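**Student:** fold the following, please.
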Amino acid sequence: MTVFNSLFTNGRCSPRCTSRSLVRILRSALRALSLIMVTTALSKDIPQFDADRAFRYLEKQCSFGPRNPGSVGHRECLIYLKETLSGLADTLMVQPFAYSDPYSGKMLQLTNLVARFQPQRKNRIWIAAHWDTRPWADRDRHESNRSTPIIGANDGASGVAVLLELAHHLAQSVPLLGVDLVLLDGEDMGKQGDLKYFFNGSRYLARHIPKPHPRYCILVDMVGDKELELPMEGNSMEQAPKLVKLIWSLAADLGLDAFVPKIGYTVEDDHVILSQTGGIPSIDIIDFDYPNRFRNYWHTMEDTPDKCSPASLKTVGTVLLHHIYGSGKK
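**Tutor:** Next comes the predicted model:
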């Protein structure tokens with residue numbers, strides 16, 4: 001994704017940064033405790049998101065190494081995702097497509113996956129994430145790393161981990177609306193300033209939308225941050241403001257203050273393509289300050305599982321489960 005706000009400063013944290021980091025870590029611990037207490041009280045009819053299992057999904061993806069298209073990790077992870085989702089979804093739609101990489105000159109094979117639950121239902125939604133990883137650590141502090149593919153624990157694996165955990169519940173407990181879990185490929189293949197080479201999976205899917213069409217899409221990206229903070233994203237508020245307010249209001253009802261009710265960054269991500277090209281109102285749940293506004297592991301070699309948290313995955317997954325199963329009761 002590309003961000004239009006000022007990004008971050010590489011280098012060591014100042015004492016002020018360290019103090020703020022400690023405060024945010026303590027807040028994260030309190031959020032985890034609050035999540036357990038509130039969801040236990042309010043969620044008797046809502047499936048319980050398994051944070052540990054979701055984190056294992058994150059670690060499993062990372063075990064394949066970098067998952068940029070054309071790599072061994074990309075091929076092995078695709079096999080794993082297909083096997084996992086085919087055992088859970090009512091139907092698994094595989095969308096292979098060729099992509100000519102303008103930087104390497106190679107023709108690459110990309111693949112979207114659409115795990116469909118109750119595919120016959122016309123009242124349906126999408127929840128999406130990208131499963132590929134960045135081919136270059138172009139934001140790394142060390143220049144020697146900037147041509148090296150990243151592991152992408154947060155930028156890629158975290159969103160997919162949430163979707164895989166959702167798939168478990170959708171397979172066991174049927175909501176009153178159809179749900180498609182969409183894994184998009186080739187999101188992160190452009191270089192800075194080359195927007196036309198990002199979001200390749202969403203560009204393809206936007207031209208080949210399976211029927212019945214969804215009412216809207218919720219994209220989850222970079223949601224594993226240990227210091228999770230999720231402001232409303234700018235393009236989301238332009239494209240689907242009612243949906244943004246609904247999700248953030250639901251989080252507030254659940255006592256999940258990681259969802260901050262103010263507009264933060266404006267991000268170019270898959271949700272923009274799905275909305276503008278596919279005509280699907282789409283929003284993005286994203287924490288771009290990873291881990292905070294003083295330091296960022298985005299597109300660096302430091303985007304590894306130890307920077308991520310099961311509690312953060314649970315925060316986002318809990319809101320999505322309440323939205324899916326609560327919406328079916330309205």
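**Student:** how about the helices of the stretch 201-330 of the chain, start to end?
**Tutor:** Listed in chain order, the helices of the stretch 201-330 of the chain (DSSP state H, counting those that start in this stretch) span 234-239, 241-253, 270-276, 310-327.
**Student:** looking at those helices, which is buried most?
**Tutor:** Counting by mean count of other C-beta atoms under 10 Å, helix 270-276 has the highest mean neighbour count of those, with a mean of 25. Heads up, the C-betas are built off the backbone N, CA and C, glycines and all.
**Student:** which ones are touching Pro310?
**Tutor:** Ala51, Asp52, Ala54, Phe55 (C-beta atoms under 8 Å, 6 or more residues apart in numbering).
**Student:** how near is it to Thr318?
**Tutor:** According to C-beta to C-beta, to the nearest Å, Pro310 and Thr318 sit 12 Å apart.
**Student:** if we can go back for a sec, what subset of the contacts of Pro310 is buried?
**Tutor:** With neighbours counted by 16 or more other C-beta atoms under 10 Å, the contacts of Pro310 contain buried members at Ala51, Ala54, Phe55.
**Student:** and the strand or helix carrying the second one, how far out from the chain middle?
**Tutor:** Same thing as Ala54. According to DSSP states H and E, Ala54 maps onto helix 51-63. Helix 51-63 sits 14 Å away from the centroid of its parent chain (C-alpha atoms, centre = their mean, to the nearest Å).
**Student:** mean confidence (pLDDT) on it, please.
**Tutor:** What helix 51-63 shows for mean pLDDT is 98.
**Student:** relative to helix 310-327, how tilted is that helix?
**Tutor:** Relative orientation of helix 51-63 and helix 310-327, computed by axes from the mean of the first three to the mean of the last three C-alpha atoms, to 10 degrees: 120 degrees.
**Student:** same for the helix or strand that helix 51-63 is followed by, what does it pack against?
**Tutor:** Using DSSP H and E, the next helix or strand after helix 51-63 towards the C-terminus is helix 72-86. Of the remaining helices and strands, those touching helix 72-86 by 3 or more C-beta pairs under 8 Å, 6 or more residues apart in numbering; DSSP states H and E are helix 51-63, strand 91-100, strand 107-117, helix 159-172, strand 178-184.
**Student:** can you add distance to Leu81 and give the contacts of Pro310 back as CSV?
**Tutor:** Shown next, in CSV, are the contacts of Pro310 (distance: C-beta to C-beta, whole Å):
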residue, distance to Leu81
Ala51, 20
Asp52, 20
Ala54, 15
Phe55, 17
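**Student:** from these, which is closest to Ile285?
**Tutor:** Set against Ile285, the nearest of those by C-beta to C-beta is Ala54 (14.7 Å).
**Student:** show me the contacts for the closest one.
**Tutor:** Taking C-beta under 8 Å, 6+ apart as the test, what Ala54 contacts is Ala161, Val162, Leu164, Glu165, Pro310, Leu313, Lys314, Gly317.
**Student:** what pLDDT does Thr2 get?
**Tutor:** Looking at Thr2, its pLDDT is 62.
**Student:** can you check Leu26 too?
**Tutor:** 57.
**Student:** kindly report the same for Asp45.
**Tutor:** Looking at Asp45, the pLDDT reads 84.
**Student:** next, the contact list for the nearest residue to it once chain neighbours are set aside, please.
**Tutor:** Of all residues not flanking Asp45 in the chain, Tyr325 sits nearest, at 7.1 Å (C-beta to C-beta, 6 or more residues apart in numbering). Counting by C-beta under 8 Å, 6+ apart, Tyr325 touches Asp45, Ile46, Pro47, Ser173, Pro175.
**Student:** now for the residues you listed: which two are most distant?
**Tutor:** Asp45 and Pro175 (10.9 Å).
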